[in-house]
Every structure is written in structure tokens, then in C-alpha cells.
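Chemist: Using only what follows, build the 3D model:
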Amino acid sequence: MTLLCTASPRRLAAGLLALLGLVAAIPAGAHDSWLQPVPRGGNAGLLVLGTGNRFPVFDVGVDAHYLVKPGCADAAGKRQPLDAVRNLPSSLLLRAAAAAESCWLQLTPFDVTVPPDKVPVYLDEVRPSPALLAAWADMQARGRPWQERYTKHARIALPGPAVDIGPAAAQPAPLGMDMVLAEVKADSAAGLQAQLQLQVLRDGQPLPALAVELVNADRPTPGTWQQTDANGRLTLARPAAGRWLLRAVDLRLAADPPDSWESRFVTLSFSLR
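Modeler: Numbers count the residues shown, from 1 in each chain. Model prediction:
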């Protein structure tokens, strides 16, 4: 990864504090990070990365120092670079290769303690299993705090000249958690409706029974939830034109230390014409 500017230790510390402060504040939603394109007009290939409580508004930026495994792929599956350009007030500017059709990145893990009054809001946005809710109830009864190590993963499907979601978006990326997406065109003669087919992967393996939310950029209301099947897949009717985000959190009890949590956040942003 080539950095055209570097951040001072003071800025890196401030960025970390801002991220942790956002987690502690969670007023209305989970602290997702996502990629989105810079509007066209001589800016082809430029993306921005940020963190926010609700797509598409960024609340804080993500410093380039925390990027892990950034990359892209073209329509043929050839790997392309994804380079950090500079830090903006509430996002990080990145440059993808002109031929990139899908880009991705992972962030450094962070540890956080969530205040007790924010945990119910967080759980509502994560949609954990009944077993995990019961485990948290037991921790509460024993006076244990919510301590969590989380890792974020973000991906974007970039539209091509003739398609909104090309084949690169359907190929797994080298991430700890990933979403792959394919578009199935309508075929009225065969009675087929236009659909999106999603698969969620953890360490390259299908992730079943995971709650996934589809969020629209123009609707601040909660999105539509579905759960992945035994193969980590789900099928969506092709939504209306606009900017969309698929988001999910895989929350688990951590092996170490005791009475703590481990989570992986993943987002996939895309646009439909």
C-alpha cells in the first residue's frame, strides 16, 4: 500500500480515541464502517472510507494506519491496488485502479468496553442468537461489564459500463469476514425475477444463521433483515435504484479472556441504476 501522506502519532491517537468514543456513544445504531465512491466528475477511481451510526453518513474517519489487506479486483479477477491518498475530516480518501470492479479492506482489531445503558441498543442492531443473549444475561447477573474486541471489514461493488454488479463482486476477498454478491437478471420468459444473491464468509467458510440488514441511503428508517441459510446464503429481490448497504455482525463469546466478546463487522456497499 502506498501512502501519499502519513499521520502523526498525535493524529493516530486522536483517531483511535474517536473510534472508541463512537462505540461508547452508539445512540441509534451499530458503528459500521463502509466504502463509497466519490461522485463522478473527474474523480473516477476515488473512494472514501469512514465510520458512522447509520449509512450513508460518516461520523468519523479511519486513519490509513489502521488499514489491513486493502485491495481490488477487475472483471477478470486480477488483483488491483487500493491506495490511501489522504485523511479527510470525516473519512479516508483512497484510490482504486481504473479497472477495479470490487474493492475491500480490513481494519486493525480494537478493544472496547461498552457502557451498560448502550448494550441493549447495540444488541438490537447486531441481532444475536438467543444463546448469546442468555450468556449476556448471566454476565449481567454476575456484575460483569461488556468487554469486546471487534474487527471491521468493508467491501464495495463498483458498477461497470454495462452492469451494476460485476463478476468481481462474486469472488471472495482475502478477509477475515466477507460478503460476495451476484446479480441475477430478470428473465420473463422463464418466469425469473431480478434478484441479488449474497453469501457471507468467515475465514473463507460459509457463515450460517447470520442476521443481515439491507439499508437504503435515502431512507433513515431501519432496513430489511434476513438470515443466511446453512450455506451462508440469502436471496434478495432486486431493490429499487439507489445506494445500498448490506451489513452484518458476527458476535461470539471470546475464548480469552473469560466473560468477553469477539465480533467481526462486515459491510458491502453497492449502487443500482
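
Chemist: Following element in sequence after the helix or strand that contains V68, please.
Modeler: Following DSSP states H and E, the helix or strand that holds V68 is strand 67-73. For strand 67-73, the succeeding helix or strand toward the C-terminus, using DSSP H and E, is strand 79-80.

Chemist: any weak-confidence spans in the stretch 101-250 of the chain?
Modeler: Under the criterion pLDDT under 70, the flagged ranges of the stretch 101-250 of the chain are 188-191, 220.

Chemist: in the stretch 101-250 of the chain, which spans are helices?
Modeler: For the stretch 101-250 of the chain, the helices identified by DSSP state H, counting those that start in this stretch occupy 119-126, 130-141, in order along the chain.

Chemist: how about the strand holding V68: buried residues?
Modeler: In terms of neighbour count (16 or more other Cβ atoms under 10 Å), strand 67-73 has its buried residues at L67, P70, G71, C72, A73. Bear in mind the C-beta positions are built from the backbone N, C-alpha and C, glycine included.

Chemist: try stretch 149-156
Modeler: By neighbour count with 16+ other Cβ under 10 Å, stretch 149-156 contains the buried residues Y150, T151, K152, H153, A154, R155, I156.

Chemist: so how far is T267 from the fourth one?
Modeler: What that stands for is H153. 7 Å (Cβ to Cβ, to the nearest Å).

Chemist: The residue nearest to Q197 when sequence neighbours are not counted: what's it in contact with?
Modeler: For Q197, the nearest residue in space outside its immediate sequence neighbours is A182; the separation is 4.8 Å by Cβ to Cβ, 6 or more residues apart in numbering. Under the criterion of Cβ atoms under 8 Å, 6 or more residues apart in numbering, the neighbours of A182 are I165, P167, A169, A170, L196, Q197.
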